[in-house]
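Undergrad: Quick one: sequence and predicted model below, then my questions.
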Amino acid sequence: MNIHEYQAREIFRSHGLPVPDSVLAESAEQAREAAARFGGTVVIKAQVHAGGRGKAGGVKLASDPAEAGEAAEAILGMEIKGLVVERVLVAPAVEIATEAYVGIVMDRASQQPVMMVSPEGGVDIEEVAATKPEAIFKEAIDPRYGLMPHEATGLAYKLFSDPALAKQAARALAGLWRAYERADATLAEINPLVSTPAGEVLAIDAKMNIDDSSLFRQPEIAAMRDEGAEAPSERRAREAGLSYIKLEGDVGCCVNGAGLAMATMDLVKYYGGSPANFLDIGGSSSPEKVVAALEIITEDPSVRSILFNIFGGITRCDDVANGIVEATGRLDLNVPITIRLTGTNEKEGVKILEGAGFEADTDMDRAVQRAVEVAS
Amino acid sequence: MAIFIGEQTRLVVQGITGRDGSFHTRQMIEYGTRVVAGVTPGKGGLTFDGTVPVYNTVVEAVVEQEANASVIYVPARFAGEAILEAADAGIELIVCITEGIPVAEMMRVMPFVQERGARLIGPNCPGLIVPGVCKVGILPGQIVLPGRIGIVSRSGTLTYEIIFQLTSAGIGQSTSIGIGGDPIIGTDFVDCLRAFEADGETDAVVIIGEIGGTDEQTAASLVKEEMNKPVVGFIAGQTAPPGRRMGHAGAIISGSEGTAAEKVRAFQENGIAVAERPVEIVDALRAAL
């Protein structure tokens, strides 16, 4: 789960990181007030789940409250990578001497968190990794012991040779580890971690991704979910226990299992079609789940054909068939449905469908081809 | 002999009295798996279906019934601890079906499992099956056929699909194994490929990958460097958008890393024939053998 910068800042602050004060504003008026309260130059930053906010014009400096209001006015309502900005962060502008990158990611290959630092901060770290890999320093963290003080110190001196600055940076790195660990994050990042001409080290940006599987034990973070940033259909799917991602095409896909769902989308494309969504109805699928899935798919106006691809394992074909019959009876469907059904209780499933006037195929390729044909 | 499981397997089911645990225990027994014990804390002393003794702890199942493998069906919040318990009891092979274990917990579990010398398969996996002999997990027994092809996959139902295509074409399998869709898993492609290479009952291997991470690339290098048996592959997720988690916790393209195109290229560059559609795996195998 993504959280916003202002939320990550709060978490960072609670773990002792040097994050300057900031205020969240939902209107130009609120931004003006915040700027007046801070005095001096402020920075206005769009709060959206997207990288590259600066390049998109979502970050502006303002030298007085009036300018802050204008900047907020311009940013609020702006679209960045398809996401509408509904909130901005207002913070006092910081004088910058140097900019560093510090971050922790979950490294799949080593099965450990890895802390990465670079004195080349303030830019996209993937770009630094590609063009100047020698400027990135890494330390694998043994999760049983956490980031050890000597590791933090070693990395801090990669960023600053001045002991006073390095000491502050080491404290910041220790804080970042605590935040990462306590929040069950899969990513925690400060870009940039700056030093000021006055000799202070400050975190002027904050980014965190949280492990979805940990949300059950992180109720405070789970409550940070920005439901407005989710497509309404995706929110409904999540609440119904379905895994759904809206795409651009016109063939609605309803599949059991994530791997088979991806392979089905790929096959739709192979036969010249375009998938409207990824949808995994999961393992033990009850008829209710199938009803919810069909409702979500049919609410997408671009869907011109619906394809079921069910390989019964734990999922029983008769459950899915009952769901299809029930949903189509309840919904006003004017989109053709193609059904592929095989595996556990296949015969029962096919019988139920045929009784309701549907045809069911057992071959995946044939079913996908037909679903693509009827969409065009 | 197949890989990891066989006639020697003496299985304990952790979570045997739960809804999924009891259903799949019956399926495994019916298939021929020797289920020697079950564990559900608080239900020790009961007998499951009149045949399988239930214990409060795994160590009792090891001492009383000489269990040497375990399968875990307990809910996500208890599953990490269940893995630790099995490893601590001296179980050699632990298969964890459960989906949704926190990543941070798996990072603490893995070093312990390795120190105890146990092999973990999963979590978030369908388990494994040796056709006609033994199955551990949830793979459907009716779609497999005994034979000499090894299958290793990150997926569940997509694996069934490919097994089904092979079986329909009369091509049998030595072992089919699902290694799991999570970012942190106990047994990876490399472990399975090495085991298949060493297995006298396997002639060729099918590897089924998907977007996210770089395991497929590592596996491709291994195939080139260490394997003599032919390997054919399939990658799911050509149409997956970047930055979105496609169901499996591990199926996500982060930045420029983990795309299907990159994995297909790694396969092809290292001598793995890549099928564009699941059904083409049959032809690819026939061409390779």
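TA: Okay, I see it. Numbering: from 1, shown residues only, chains lettered A, B, ... in the order given.

Undergrad: My understanding was that residue A:36 contacts residue A:62; is that so?
TA: No - using Cβ atoms under 8 Å, residue A:36 is not in contact with residue A:62, being 11.1 Å away. Bear in mind the C-beta positions are built from the backbone N, C-alpha and C, glycine included.

Undergrad: In terms of neighbours, single out the busier of those two.
TA: Between residue A:36 and residue A:62, counting by other Cβ atoms under 10 Å in any protein chain shown, residue A:62 is the more crowded of the two (21 against 14).

Undergrad: if you skip the residues just before and after it, what's nearest to the more buried one?
TA: residue A:68 (3.9 Å; Cβ to Cβ, 6 or more residues apart in numbering or on different chains).

Undergrad: ok, the one you found to chain B distance?
TA: Noted for residue A:68: a distance of 31 Å to chain B, by Cβ to the nearest Cβ, to the nearest Å.

Undergrad: secondary structure element for that residue?
TA: Assigned by DSSP states H and E, residue A:68 belongs to helix A:65-75.

Undergrad: residues of that helix that come out buried?
TA: A:65, A:67, A:68, A:69, A:70, A:71, A:72, A:73, A:74, A:75 (16 or more other Cβ atoms under 10 Å in any protein chain shown).

Undergrad: for it, packing partners?
TA: In terms of contacts (3 or more Cβ pairs under 8 Å, 6 or more residues apart in numbering or on different chains; DSSP states H and E), helix A:65-75 is packed against helix A:28-38, strand A:42-46, strand A:59-62, strand A:88-92.

Undergrad: relative to strand A:42-46, how tilted is that helix?
TA: In terms of direction (axes from the mean of the first three to the mean of the last three Cα atoms, to 10 degrees), helix A:65-75 departs from strand A:42-46 by 10 degrees.

Undergrad: Which residues does helix A:65-75 contact?
TA: Residues from elsewhere that reach helix A:65-75 (Cβ atoms under 8 Å, 6 or more residues apart in numbering or on different chains): A:25, A:27-36, A:42, A:44, A:46, A:57-58, A:60-62, A:85, A:88, A:90.

Undergrad: Going along the chain from it, find the next helix or strand for me.
TA: strand A:79-80.

Undergrad: That next one and chain B, any residue contact?
TA: No - judged by Cβ under 8 Å from any Cβ of the partner chain, strand A:79-80 makes no contact with chain B; its nearest approach is 13.8 Å.

Undergrad: next SSE after that strand?
TA: Note on strand A:79-80: by DSSP H and E, the next helix or strand toward the C-terminus is strand A:83-84.

Undergrad: Need the contact partners of that following strand.
TA: Strand A:83-84 has contacts (Cβ under 8 Å, 6+ apart) with A:48, A:49, A:50, A:77, A:78, A:229.

Undergrad: Let's see that with 10 Å instead.
TA: With contact meaning Cβ atoms under 10 Å, 6 or more residues apart in numbering or on different chains, strand A:83-84 is reached by A:46, A:47, A:48, A:49, A:50, A:58, A:76, A:77, A:78, A:226, A:228, A:229.

Undergrad: Return only those of these found close to chain B.
TA: A:49, A:50 (Cβ under 10 Å from any Cβ of the partner chain).

Undergrad: for chain A, what are the low-confidence residue spans?
TA: A:283-285 (pLDDT under 70).

Undergrad: what about the host helix or strand of residue A:369 and chain B, any contact?
TA: Taking DSSP H and E as the definition, residue A:369 sits inside helix A:364-375. Yes - Helix A:364-375 is in contact with chain B by Cβ under 10 Å from any Cβ, via A:364, A:365, A:368.

Undergrad: Please name the nearest non-neighbouring residue to the first one.
TA: Taking Cβ to Cβ, 6+ apart, and ignoring the residues beside it in sequence, residue A:364 has residue A:340 as its nearest neighbour in space, at 5.6 Å.

Undergrad: so where does the one you found fall, helix or strand?
TA: strand A:337-343.

Undergrad: got it, and residue A:172?
TA: Assigned by DSSP H and E, residue A:172 belongs to helix A:163-182.

Undergrad: Now do that helix: which elements does it pack against?
TA: Applying 3 or more Cβ pairs under 10 Å, 6 or more residues apart in numbering or on different chains; DSSP states H and E, we find helix A:163-182 packed against helix A:5-14, strand A:98-107, strand A:112-118, helix A:149-159, strand A:185-195, strand A:201-203, strand A:207-210, helix B:103-115.

Undergrad: about what we covered before: quick one, which of the helices and strands packed on helix A:65-75 is nearest to residue B:109?
TA: strand A:88-92 (37.7 Å; Cβ to Cβ).

Undergrad: Show me the strands in the stretch 1-150 of chain B, by range?
TA: Remark: strands assigned in the stretch 1-150 of chain B by DSSP state E, counting those that start in this stretch are B:11-14, B:35-39, B:47-48, B:52-55, B:69-72, B:93-96, B:119-121, B:127-130, B:134-137, B:146-153.

Undergrad: by contact count, what packs against the first one?
TA: Going back to what we said before, that points to strand B:11-14. Against strand B:11-14 (3+ Cβ pairs under 10 Å, 6+ apart) you get helix B:19-31, strand B:35-39, strand B:52-55, helix B:58-65, strand B:69-72, helix B:76-88, strand B:93-96, strand B:134-137.

Undergrad: cutoff 8 Å now
TA: Helices and strands touching strand B:11-14, by 3+ Cβ pairs under 8 Å, 6+ apart, are helix B:19-31, strand B:35-39, helix B:58-65, strand B:69-72, helix B:76-88.

Undergrad: that older thread, quick one: the helix holding residue A:68 to helix A:28-38, angle?
TA: Using the same axes, to 10 degrees: helix A:65-75 against helix A:28-38 is 140 degrees.

Undergrad: if I read this right, residue B:239 contacts residue A:263, doesn't it?
TA: No - with contacts counted by Cβ under 8 Å, residue B:239 stays clear of residue A:263, the gap being 9.8 Å.

Undergrad: Residue B:208 sits in which helix or strand?
TA: strand B:204-210.

Undergrad: interface residues of the stretch 51-200 of chain A facing chain B?
TA: A:106, A:108-109, A:111-113, A:126, A:142-144, A:181, A:184, A:186.

Undergrad: Would you check which pair of those residues lies furthest apart?
TA: Across those (Cβ to Cβ), the longest gap, 29.5 Å, separates A:126 and A:144.

Undergrad: More neighbours: which of these two?
TA: Set side by side, residue A:126 and residue A:144 show more neighbours around residue A:126, with 13 against 10, by other Cβ under 10 Å.

Undergrad: And that one, which helix or strand is it part of?
TA: Going by DSSP H and E, residue A:126 is in helix A:125-131.

Undergrad: Output that helix as CSV, nothing but the C-alphas.
TA: C-alpha atoms of helix A:125-131 as CSV (Å, rounded to 0.1, in the frame of the first residue of the first chain):
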residue,chain,number,x,y,z
ILE,A,125,18.0,7.1,-7.9
GLU,A,126,17.4,4.6,-10.7
GLU,A,127,19.1,7.0,-13.0
VAL,A,128,22.1,7.3,-10.7
ALA,A,129,22.2,3.5,-10.5
ALA,A,130,22.3,3.4,-14.3
THR,A,131,24.7,6.2,-15.0
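
Undergrad: buried set for it?
TA: For helix A:125-131, using 16+ other Cβ under 10 Å, the buried residues are A:125, A:128, A:129.

Undergrad: With distance to residue A:174 as new columns, can the residues you listed be given to me in TSV?
TA: Formatted as TSV, the buried residues of helix A:125-131 follow (distance: Cβ to Cβ, whole Å):
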residue	distance to residue A:174
A:125	21
A:128	23
A:129	24
